[in-house]
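*Asks:* how would this look folded up:
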Amino acid sequence: MRSMLIATLIFMAATASAQAQTTPPSPSKLKQAATTATRHALQSPAETAGAMGQSERLAIQSDLAWVGRYNGAISGDVSERMVESIKLMPQPPLFA
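*Replies:* Below is the predicted model:
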């Protein structure tokens, strides 16, 4: 008898807490957040390449020269030739 009473009380407590969790908040309790969309300035390709490390730029120039897309000094310096070579590389399809 005692275990039946405990089981009933546990069941009632569980259903009461489930109902309390599924009740939507009233509109008066919701706060509207004021948001303002901001757009950041786009980074130029030269700035992106300049943000890379020297070894990364050297590797990119070397790889571009290897596939025949870059013919310039492989020095790791950011040049207009390097940026144009990167832009001209074919892009792989997003979904194959």
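*Asks:* Tell me the pLDDT of the most centrally placed residue in the chain.
*Replies:* In the chain, the residue lying closest to the centroid (Cα atoms, centre = their mean) is residue 40, at 15.3 Å. We have a pLDDT of 79 for residue 40.
*Asks:* Next: residue 73.
*Replies:* For residue 73, pLDDT reads 91.
*Asks:* Ok, the one 10 residues further on next?
*Replies:* The predicted structure scores residue 83 at 89 on the pLDDT scale.
*Asks:* Pull the number of nearby residues for it.
*Replies:* 15 (other Cβ atoms under 10 Å). Where you see a C-beta, it was placed from the backbone N, CA and C, and this is true even at glycine.
*Asks:* which non-adjacent residue is nearest it?
*Replies:* Excluding its sequence neighbours, the residue lying closest to residue 83 (Cβ to Cβ, 6 or more residues apart in numbering) is residue 45, at 4.6 Å.
*Asks:* residues near that neighbour, how many?
*Replies:* Using other Cβ under 10 Å: residue 45 sits among 15 other residues.
*Asks:* cool, the one 3 residues further on as well?
*Replies:* Other residues near residue 48 number 13, with proximity taken as other Cβ under 10 Å.
*Asks:* do the same with residue 82
*Replies:* Residue 82 has 24 nearby residues by other Cβ under 10 Å.
*Asks:* swap in the one 10 residues further on?
*Replies:* A count of neighbours around residue 92, defined by other Cβ under 10 Å, yields 6.
*Asks:* So for residue 8, what's the pLDDT?
*Replies:* 70.
*Asks:* quick one: secondary structure of it?
*Replies:* helix (DSSP: H, G, I helix; E, B strand; the rest coil).
*Asks:* Show me where this protein dips below the pLDDT cut-off.
*Replies:* 1-5, 7, 9, 11, 13-31, 96 (pLDDT under 70).
*Asks:* If we use 90, what do you get?
*Replies:* Counting by pLDDT under 90, the chain shows low-confidence ranges at 1-50, 79, 83, 86-96.
*Asks:* Surely residue 58 and residue 74 touch.
*Replies:* Yes - with contact defined as Cβ atoms under 8 Å, residue 58 and residue 74 form a contacting pair (6.5 Å).
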